[in-house]
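Student: Here's a sequence, model it:
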Amino acid sequence: QVQLVESGGGLVQTGGSLRLSCAASGDTLSAYGLGWFRQPPKKAREFVASISFSDGSTHYLDAVKGRFTVSGGDDRNTMFLQMNNLKPEDTAVYYCAAKIQPGSYFLGYGRWGQGTQVTVSS
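Tutor: Residues are numbered from 1 along each chain as shown. A predicted model of the protein is given here:
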């Protein structure tokens, strides 16, 4: 199994930046990639970004395109999410997840970290 630990969350003002990190360990060789998800207060969890281990391709939620950048994955053990120009609507608990099933980039995630809180003040 894959174990995941997120870090880097915090409180930032609108327009600020944060960099989240995800440390993966265990059977990462069996995973297809890593992804970031978030759960805003009182809302469902949603896909944010992903990176594929096979070709390094990345995908993003439309609302974060041009502001967030996912990187890492070369060693299958680390992934980062650089978040710039943050907005209050980006406030959420951010989770790192391992893609354990093939198919669409936003499906097939089966291992989750404990999450890290990101709060953007207006």
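Student: Next, name the residue at the spatial heart of the protein.
Tutor: The C-alpha lying nearest the average C-alpha coordinate of the chain belongs to residue 36 (Cα atoms, centre = their mean; 1.9 Å).
Student: Was I right to think that residue contacts residue 45?
Tutor: No. Counting by Cβ atoms under 8 Å, residue 36 does not reach residue 45; the two are 10.8 Å apart. Heads up, the C-betas are built off the backbone N, CA and C, glycines and all.
Student: anything in contact with each of those two?
Tutor: Counting by Cβ atoms under 8 Å, 6 or more residues apart in numbering, the contacts common to residue 36 and residue 45 are residue 95.
Student: and the residue nearest to the centre of the chain, that's in a strand?
Tutor: Yes. Residue 36 forms part of a strand when assessed by DSSP: H, G, I helix; E, B strand; the rest coil.
Student: Contact partners for it?
Tutor: By Cβ under 8 Å, 6+ apart, the residues touching residue 36 are 20, 22, 47-50, 70, 79, 81, 94-97.
Student: at 6 Å instead, please
Tutor: By Cβ atoms under 6 Å, 6 or more residues apart in numbering, residue 36 lies in contact with 48-49, 81.
Student: and stretch 60-76, which residues are buried?
Tutor: Of the residues in stretch 60-76, those with enough neighbours to count as buried (16 or more other Cβ atoms under 10 Å) are 60-61, 64, 68-70, 72-73, 76.
Student: end-to-end on it?
Tutor: Across stretch 60-76, the terminal residues are separated by 19 Å (Cα to Cα, to the nearest Å).
Student: Please work out which residues outside the least confident helix or strand in the chain by mean pLDDT touch it.
Tutor: Counting by mean pLDDT, DSSP states H and E, the chain has its least confident helix or strand at strand 109-112, which shows a mean of 91. Outside strand 109-112, the residues within contact range by Cβ under 6 Å, 6+ apart are 2, 35, 95, 97-100.
Student: Repeat that for stretch 57-64.
Tutor: 47-51, 70, 105.
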